[in-house]
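>>> Can you look at this prediction? I've put the sequence above it.
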Amino acid sequence: MRRNAIAAMIVVATTACLAVAWAQKAATSTASATSAPGLKEVSEFDGINDQRKRSVALFEEAGKVLQHPRCLNCHPVERAPTQGDDLHPHVPEVAGGADNHGMPGMPCNSCHGKSNSMTLGDTVRTIPGDAHWALAPASMAWQGKSLGQICEQLKDLKRNGNRDLAKISHHMGTDTLVGWAWNPGSGRTPAPGTQKQFGALVDAWIASGAACPQ
Ligand code: HEC
Ligand code: HEC
């Protein structure tokens, strides 16, 4: 009798373990299905009939890139870049300086080359690089701003480097410094999707009236 009770308990416990394991497996596969990195295609917004809503939705999708750490680290509010997915202060401490290329004696390109370079270390596996490596000017700061605020300032000729929407689109879709975000070097998460997909979203946003989220 006692032995049977123990056996029954073992069966119950094993079943419970299997159920938990199954539930965990189901949970992880659902999570990976929804959090898969990527961007929606422009055509996926065709179903939104309201032109303004469609434009806002396209910008929000492009916002997954604009607000990605790879872009934000170089578009800070303070005049110093940040690093990593947690936007921690740049090590060593550097500043954009008068021309956004760094301080005299420690310009960005004393460390950042024309392309990503491997290091011999494990903690920092690559030093990011691009021929135009520099800090975005203060008027183009995005960190800590809402997507709506970023949208408004992107369209403002006084703050966006005097670029009309055609130039903004060209910059987003083709600029190599922007493109670095999809090829950030070993040890860094790339921006979602591809620069081409991102450029197409920005183009479709402009073509639909370049509306901004509230
Ligand atoms: C003394 C060398 C040095 C100087 C000077 C320097 N950097 Fe860096 N920077 C690095 C290293 C090394 C890394 C990689 C750190 C890591 O991945 O943990 C880095 C990473 C970064 C990143 C982070 C990329 C990311 O998304 O994680 C940005 C942005 C950046 N630097 C911008 C600049 C800018 C802009 C300047 C000039 C104003 C500059 N750096 C000057 C060495 C330097
Ligand atoms: C290494 C630093 C760096 C990184 C990384 C970076 N930018 Fe920039 N960005 C700049 C600089 C510098 C300028 C100013 C260039 C100019 O005016 O000629 C700029 C300007 C811009 C502008 C012009 C208009 C405006 O209002 O900001 C856009 C758009 C832009 N960047 C988009 C992006 C996007 C999107 C990403 C990420 C996919 C990105 N940038 C990543 C440095 C960076």
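That came through, no problem. Ligands and ions are numbered 1, 2, ... in the order given.

>>> Domain-wise, how is the chain divided?
1-36, 42-207 (automatic domain parsing).

>>> And the pLDDT at S186?
pLDDT, S186: 94.

>>> whoops, A13 was the one
At A13, the pLDDT value in this model is 48.

>>> next one: phi and psi at F45?
Here is the backbone geometry of F45 (degrees, to the nearest 10): phi -100, psi 0.

>>> Quick check: it touching A204?
Yes. Judged on C-beta atoms under 8 Å, F45 makes contact with A204 at a distance of 7.2 Å. Where you see a C-beta, it was placed from the backbone N, CA and C, and this is true even at glycine.

>>> So which of these two has more stuff around it?
A direct count of neighbours by other C-beta atoms under 10 Å for F45 and A204 places A204 higher, at 22 against 19.

>>> hang on, that one packs against V42?
Yes. With contacts defined as C-beta under 8 Å, A204 counts as touching V42 at a distance of 4.5 Å.

>>> Which residues are in contact with each of those two?
Shared contacts of A204 and V42, defined by C-beta atoms under 8 Å, 6 or more residues apart in numbering, comprise L58.

>>> Could you identify which of the domains of the chain is most buried?
Most buried of the domains of the chain by mean neighbour count (mean count of other C-beta atoms under 10 Å) is domain 42-207; its value is a mean of 16.
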